[in-house]
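Asker: Okay, here's the prediction I keep looking at, along with the sequence it came from:
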Amino acid sequence: MKFATIRSQGAVSYGAVTDAGVTALSQYFPQWATLKDVIAAQGLPALSAAIVGVAVSHPNGSFSYEMPVANGEKIICVGVNFPDRNAEYKDGSQAPSSMSLFPRFARGFVGHGEALVRPPESHQLDYEGEIAVVIGKQGRRISQADAYDHIAAITLCNEGTIRDWVRHAKFNVTQGKNWDNTGAMGPWLVPFTDAAQLDDVQLTTHVNGELRQEDRTSRMMFSIRRQIEYISTFTTLMPGDIIVTGTPTGAGARFDPPIYLKPGDVVEVAAEGIGTLRNTIEDEA
């Protein structure tokens, strides 16, 4: 089962995704205005039950995808989390003993099928394909053994980055990671029910059909269990929070010369068991 937030004729709703389109479910659950509310109430099983026998309300082509959960309290991204990523920086540093983290704001993301926007201030728009986990249960100081119990769903992220703005300061990357509409998340949420959905999953990124990134979650330097444990040590994880778990080697900045995204490019981030997040690129109007 897959659940998405969609926009149709100016109205935003959520529903279940099928091959033929989306079956809107918002009207059956007025107590849950958004998928974040569904997650906070642990209501994904209720959505699954509600779709039985209900026809598609929004055929393919009649709607656009929104970021699945845009109103959570926080989005925390994990940087440099695959074995070859540290070496990509060519700075002679050893692999870190603790994970690198930075925040992203929901305004920086568009939905599946929408265009990432290259701003006039910089043409160094880059891609980073990642798996994102959506927290379903509040927790602080969560153990690795209990970490997966706090995940409600998984989705995909293209954690688009303005590379030169990442390097504006010595100790942070926030400004390069948070340009409006430079990243994407979606297309949908897949309920998380089994450790196999995360423990050893292939993750790829293609640009214009060319494979640029490929790795498996089992090779992460900091596992998703460890991410939840570490992050929840200093901040309470809340339902609807999103952890973007890290990207493999192969982003455009790491080519010689760099290959940044340009208008007309197509970026596809895919992972086993989740699907494909596809976006084009356009210049800011």
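Answerer: All right, it came through fine.

Asker: which residues in the stretch 151-285 of the chain form strands?
Answerer: Remark: strands assigned in the stretch 151-285 of the chain by DSSP state E, counting those that start in this stretch are 151-158, 161-162, 183-191, 202-207, 210-216, 242-244, 266-271, 275-283.

Asker: Determine which of those approaches Ala50 most closely.
Answerer: When these are compared by C-beta to C-beta, strand 183-191 sits nearest Ala50, at 13.7 Å. All C-beta spots, glycine's among them, are computed from the backbone N, C-alpha and C.

Asker: who does Phe109 bridge with?
Answerer: Taking DSSP bridges as the rule, Phe109 bridges to Gly183.

Asker: Thr23 versus that one, what's the distance?
Answerer: According to C-beta to C-beta, to the nearest Å, Phe109 and Thr23 sit 24 Å apart.

Asker: in this protein, which residue is closest to the centre?
Answerer: In the chain, the C-alpha nearest the mean C-alpha coordinate belongs to Cys157, at 2.8 Å (C-alpha atoms, centre = their mean).

Asker: Between Phe109 and Thr23, tell me which one has more neighbours.
Answerer: Phe109 (26 against 18; other C-beta atoms under 10 Å).

Asker: so what's the more buried one up against?
Answerer: Going by C-beta atoms under 8 Å, 6 or more residues apart in numbering, Phe109 touches Met67, Ala70, Cys157, Asn181, Gly183, Ala184, Met185.

Asker: so can I have JSON lines of those residues showing distance to Trp32 and pLDDT?
Answerer: Converted to JSON lines, the contacts of Phe109 look like this (distance: C-beta to C-beta, whole Å; pLDDT from 0 to 100):
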{"residue": "Met67", "distance to Trp32": "17", "pLDDT": "98"}
{"residue": "Ala70", "distance to Trp32": "15", "pLDDT": "97"}
{"residue": "Cys157", "distance to Trp32": "23", "pLDDT": "98"}
{"residue": "Asn181", "distance to Trp32": "27", "pLDDT": "98"}
{"residue": "Gly183", "distance to Trp32": "26", "pLDDT": "98"}
{"residue": "Ala184", "distance to Trp32": "24", "pLDDT": "98"}
{"residue": "Met185", "distance to Trp32": "20", "pLDDT": "98"}
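
Asker: CA atoms only for stretch 8-24, dumped as CSV, please.
Answerer: C-alpha atoms of stretch 8-24 as CSV (Å, rounded to 0.1, in the frame of the first residue of the first chain):
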residue,chain,number,x,y,z
SER,A,8,-6.2,18.6,-7.8
GLN,A,9,-8.1,21.7,-9.0
GLY,A,10,-6.4,23.7,-6.2
ALA,A,11,-7.4,21.4,-3.4
VAL,A,12,-4.9,19.3,-1.4
SER,A,13,-5.9,15.9,-0.1
TYR,A,14,-4.4,12.5,0.6
GLY,A,15,-5.2,9.0,-0.6
ALA,A,16,-4.0,5.6,-1.6
VAL,A,17,-2.0,5.2,-4.8
THR,A,18,-2.9,2.5,-7.4
ASP,A,19,-1.7,1.9,-10.9
ALA,A,20,-4.8,3.8,-12.2
GLY,A,21,-4.4,6.8,-10.0
VAL,A,22,-5.3,7.9,-6.4
THR,A,23,-8.3,7.0,-4.3
ALA,A,24,-8.9,10.0,-2.1
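
Asker: Nothing else from me, thank you.
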